[in-house]
Every structure is written in C-alpha cells, then in structure tokens.
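Engineer: Here is my input; please provide its structure:
(one chain, ligands or ions: 1)
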Amino acid sequence: MSIADDPDRAPARSHLYAMGMSEEEMRRPVVGIASTWTGTMPCNLTHRELAAHVAEGVRAAGGMPMEFNTIAVSDNLTMHTPGMRTSLISREVIADSIELMGRAHSFDALVAIVGCDKTVPAAIMALARLDVPSVVLYSGSMMPGRWRGRDVTIQDMWEALGERAVGRMDQAELDDLARHACPGAGTCAAQYTANTMGSVADFLGLAPFGVGDIPAVAGEKSTAARRVGEIAMEALARDARPSRVLTADALHNAIVSVAAMGGSTNAVLHLLAIARESGLPLRIDEIGEVCRRVPIITGLKPSGGDHTAADLWRAGGTSLVVRRLLEAGLLRENVTLVDGRTLADVAASATEAPGQQVVASVAEPVKPRGALAILRGSLAPDGCVLKLGGKNDFRHEGPARVFDSEDECYAAIQAGLIVAGDVIVVRYEGPAGGPGMREMLSITGPLVGRGLGTSVALVTDGRFSGVSHGLVIGHVTPEAYHGGPIALVRDGDTVVIDSAAGTLDLVVPESELAERQASWRRPERPVERGVLAKYVATVGSASDGAITV
Ligand code: FES
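Structural biologist: Got it, this is the predicted structure:
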C-alpha cells in the first residue's frame, strides 16, 4: 500500500505534503537518486545538475524522484597528506550511506551518480546490498588541459614535482602548469582509477554504455542524464535488479575491460570488494589470469599511450571497445545490461571516428598484455598487484630500501638518496596499518620525474593512484601491521621481482626470517579515534577487497 493510501501513514504524508508532493505523486514508484556531489573537488562538481536531469527523466517516465547526497573524498587533494588515509575509508562510508538511505526509504529503484574514484565502487557495493533495480550514472571525465602545445592531465602535475626536484623545471613553470592542467569539472582525465571504474560500471551492466564516456562538461551529458532517469523506470518494469545484472559473467567482462583499457591497480581492490558484496566468488589470481591473456587495446594514459578520456569519447567510446572485444571473443555475452540492450547491440551502435588512433584491435593491440599482474611469493604469500602497464615481462633484483611510512620515503627520494637498482619498500601503509591504505603518487610521480621510473622498484602494502606508473607493486598481503613478511624486510636485503614467474621474493634464509618474526613487535602508533578506529577494527585484507564486513 502506498503512503498516499495507508491510513496509519498520515504523519509521513504530512512531510511529503510539506515538500510539495501531491497524492498522485505519492502513488508513483519512488526512485532514489544518490548523488555523490561535494563542493570540495572538481570530480563530482556537476552532480547536482545531473541529479536534476535524472529527476526530470524519472518524472517523465511516471516515477517520483527523491534526491539525496553522500560524502566524497578527492584523492588528488588529499594525496601526500594525512587526509589520504580517509580516501579508501570513504568507499565504505559512501556505500553504507547509500545502503542506509535505501533501507530507510524503501526506494523502488535507484540511480547512483558517481565520479571520483571511490564513489563508483562504493555505489555499486551499496546497490548490490539493496538489490533493487538500479542504474549507475558516471558523471564523466575532465577535459585535458593544454600547456606548451600539448595535452596535460593531473599525471603531468605529479611527475613535474620530480622534474622540479632535479632542476628540469623551476617553481614558476610548475605553478604555470598547475594553472593549466585541469581546465574544469570532471574526473581525472585519462584511464586513472575513476575512469577505470566508470568503464567497470558499464561492463558490469549497471551503467548504460555511451553515457559515462561523455565528458563532464559536454552538453550531451544533460540529455544522457535525463535518459538515465527513464532507464531507471524501465529497469524497474523489467525488474533489472543487481542480482540479475551483476553476475559472474558480468564480473568477468569487467575484469576484461580493466585489462584491455590499461586500468588502475585500484580496480583489483574494488572488483574484489564488489564481488564479495555480490556474493560472487573471485580470487585475486583470476584477475591476473585475465590480464595475462587480454592485451591493452586503448592508447590511453597512463598505460596504453598518450590519449585522454576525451579522445576515447571522440574515437567511439567504450562501445567501440565492446565491438573489438566481442570480435575477439573475449566477452561473455550471456549478460543483462540495465538498459535492456545486448552487448551485440552496443557493439553495433558504436560509431568509430574515421582515422581514430585511440582504440586498436585485439589482433594488433597497443600493448601485448593487460595492465596488471598478480604476484605471490615469500614477500607476499597472500598476493599483491604489479602495475605492468603493458610493459613486457621483466625481472628486477635489488637491495631493499625500507621506510615505515610514505612520508619518510618521499623525503629520501627528494633528497636524492634513492639510486637506480634500489627496491623501495614502504610498509605500515596497508588498510589497517595506515590506516586507510594511502596511495603513493607522491612517491611514484617524483621517481618518474627524476628518471628512475624504470630502474627503481617500489613495493608497498599501500596502494597507488591510477596515475602512478613505473615498477610499482602494491597491496602486498599480509600487510605489515598484521606481521606479514613485508614487516621483516631490512635495508640491504635482496628483493626479486619476476613478472613472468608471477613472484615477489625476499632472499633471506628461512631461519633468519623466523628469528626476525619472533622478535617483531607492531610499532607504536597514536591511538586512532572515531571512524579511523572503527576501520582499523573491521577492515579485512586487500586481497579480499579491504571490505569492512
Ligand atoms: Fe577525483 Fe581523480 S581525484 S577523479
């Protein structure tokens, strides 16, 4: 019985009248519109306007929209500050917020408007928990900036820090680049974490292909957002709920998309979390197996080439990627897309721009294998993630340079204390140890800027920005905080990375490691309070998605 007709819900009706709602509107299906707008970042700055357009579409299709908001944390603004500890934690808080609003108000359907990195997996996790017909609207990428005749993104900013440190750029140039790198609203402008996860939402079937590709500031976005409101009502009519959309085959396709588009290491964490929330079995090694056989077919920064997300949109978008992957038989077609199309429909609808250079084919890829690899070994018994970035397999052996925090490591790099061949180990930055598994862009950016991106390896129980590249290995598990082998590494120990063998090893005799283990004590840290303390108490392993249930 609707609120309009239930005699006992007269008090509830009085609040709906207070918002201007009529009884006819109270009888309509209610579509919750979760916006992850905050005024603290460019990434999600358009969400309020998009929510209004979605609401128009819902109304036009016979539904009653109800908008609400969540928090969101900017990775770029918090990078290299204590605030970065909140970034991954925000994924849980956003997921919990959407879930609570859904449970509180018993929405018949949901639209989640997402942009910045954590907001995408967070929304998908919440939708999986609520299991009502749902659509994800990815708000879209920022346009690239233009500086000295070339396209630039936030990646150029971070690498410029290293260039300034070695004197290849002065402060005035750095400041000038900062004024030009990010020209307006939208998510970071290439295949970094946000756009990676936007594509994941498409390939999972929860977001309509073609909508997320549209840049945040493009005029077409408003029309597409209105259409998403209509799709939510259609999904309700078809009962296209996440448990019917988010299947093992859809998850497989999403992993293929991460590999083929040179996606971010964070996708591993988020795919595992989405799988756990959806009740789907997914081992971290399966992601590595897909990345080994699926090549990178898009020339997008940072792994595939120099193109930006706007270039992909102009070239034909993710629909064109679907066409290429289907042609090669790499996608599973027995999936349900939220807008009712099939993958074949999507592929057929793709418009390839004449002469485009962004999307290649599986037969003649941009890079021979996917962006990521999963390694195991004596330094990471439960697994870790190597950002291979389409590089050929490599072996790196070198002496460990150990740091117990990102900040100590950054100071050493900028002081010129890291040399070619070193293996930097940054620990106590895991989900529980950080807490919050900080991203290490303030390390990887300057390493690349100093010309050490291919000669110095970085191994950490923290994680990386989607912008990061180089010889980087993150998500090492078990993390140091829980006494994993990474806690036992000492300066000068030999570390061996072998991507072909899929191994990460610490070359120290077992007897010596046993002695170190026996004497290991968790370092004293200030006692965390509030949400950080709750997170430390509940967060699981990065190899299980670092979820808190
Ligand atoms: Fe928000 Fe990059 S910091 S998308």
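Engineer: Could I get the pLDDT score of Tyr17?
Structural biologist: Tyr17 is assigned 97 on the pLDDT scale.
Engineer: Quick check: it vs the ligand, distance?
Structural biologist: If you measure Tyr17 against the ligand using Cβ to the nearest ligand atom, to the nearest Å, the figure is 39 Å. No exception for glycine: its C-beta is placed from N, CA and C like everyone else's.
Engineer: Quickly find the element holding that residue.
Structural biologist: Secondary-structure assignment from DSSP states H and E places Tyr17 in helix 10-18.
Engineer: isn't Ala373 right up against Gly383?
Structural biologist: No - in this structure, Ala373 sits apart from Gly383 without contact. The criterion is Cβ atoms under 8 Å, and the distance is 10.6 Å.
Engineer: Just the C-alpha atoms of the next helix or strand after the helix holding Tyr17, please, in CSV.
Structural biologist: Scanning forward in sequence from helix 10-18, with DSSP H and E defining helices and strands, the next element found is helix 23-26. Coordinates of the C-alpha atoms in helix 23-26 are reproduced here as CSV (Å, rounded to 0.1, in the frame of the first residue of the first chain):
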residue,chain,number,x,y,z
GLU,A,23,-1.2,12.3,-3.5
GLU,A,24,-0.9,11.2,-7.2
GLU,A,25,2.9,11.6,-6.9
MET,A,26,2.9,9.6,-3.6
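Engineer: Not counting its own residues, what contacts the helix or strand following helix 23-26?
Structural biologist: Once the chain leaves helix 23-26, the next helix or strand it forms, by DSSP H and E, is strand 30-35. Residues from elsewhere that reach strand 30-35 (Cβ atoms under 8 Å, 6 or more residues apart in numbering): 44, 47-48, 50-51, 54-55, 58, 63-70, 98, 101-102, 105-113, 123, 126, 229, 232-233, 236.
Engineer: Just the buried residues of the helix or strand just after strand 30-35, please?
Structural biologist: With elements assigned by DSSP H and E, the helix or strand that comes after strand 30-35 is helix 47-60. By neighbour count, with 16 or more other Cβ atoms under 10 Å as the criterion, the buried positions of helix 47-60 are His47, Glu49, Leu50, Ala51, Ala52, His53, Val54, Ala55, Glu56, Gly57, Val58, Arg59.
Engineer: any idea of the angle the following helix or strand past helix 47-60 forms with helix 47-60?
Structural biologist: Sequence order places strand 64-69 as the next helix or strand after helix 47-60, per DSSP H and E. Orientation note: strand 64-69 sits at an angle of 160 degrees relative to helix 47-60 (axes from the mean of the first three to the mean of the last three Cα atoms, to 10 degrees).
Engineer: Can you name the residues in contact with the following helix or strand past strand 64-69?
Structural biologist: Read in the C-terminal direction, the helix or strand following strand 64-69 is helix 75-78, with elements assigned using DSSP H and E. Helix 75-78 has contacts (Cβ under 8 Å, 6+ apart) with 40-41, 83-84, 86-87, 116-118, 154, 188, 193, 439, 465.
Engineer: out of these, which are inside helices?
Structural biologist: With helices taken from DSSP state H, the overlap with these comprises Thr86, Ser87, Ile154, Thr193.
Engineer: Enumerate the residues of this structure near the ligand.
Structural biologist: Residues of the chain found near the ligand, taking Cβ under 6 Å from any ligand atom as the criterion, are Met41, Cys43, Ser74, Asp75, Asn76, Cys116, Asp117, Thr187, Cys188, Ala194.
Engineer: do you know how far the third one is from Thr119?
Structural biologist: Going back to what we said before, that points to Ser74. Using Cβ to Cβ, to the nearest Å, we find Ser74 at a distance of 10 Å from Thr119.
Engineer: Which one of those two is surrounded by more residues?
Structural biologist: Thr119 (35 against 21; other Cβ atoms under 10 Å).
Engineer: Assess the claim that the more buried one and Asn69 are in contact.
Structural biologist: No - the pair Thr119 and Asn69 fails to qualify as a contact (Cβ under 8 Å) at a distance of 11.4 Å.
Engineer: Need the nearest residue in space to the most centrally placed residue in the chain, chain neighbours excluded.
Structural biologist: When the chain is reduced to its mean C-alpha position, the closest residue under Cα atoms, centre = their mean turns out to be Thr193, at 3.7 Å. With Cβ to Cβ, 6 or more residues apart in numbering as the criterion, Thr193 has its nearest non-adjacent residue at 3.5 Å, and that residue is Gly466.
Engineer: Could you list which residues are in contact with the one you found?
Structural biologist: In this structure, Gly466 makes contact with 117, 188, 191-196, 263-266, 302, judged by Cβ under 8 Å, 6+ apart.
Engineer: Tabulate the residues you listed (a markdown table), appending pLDDT.
Structural biologist: Listed next are the contacts of Gly466 as a markdown table, based on pLDDT from 0 to 100:
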| residue | pLDDT |
| --- | --- |
| Asp117 | 96 |
| Cys188 | 97 |
| Gln191 | 95 |
| Tyr192 | 94 |
| Thr193 | 95 |
| Ala194 | 97 |
| Asn195 | 98 |
| Thr196 | 97 |
| Gly263 | 94 |
| Ser264 | 92 |
| Thr265 | 92 |
| Asn266 | 95 |
| Pro302 | 91 |
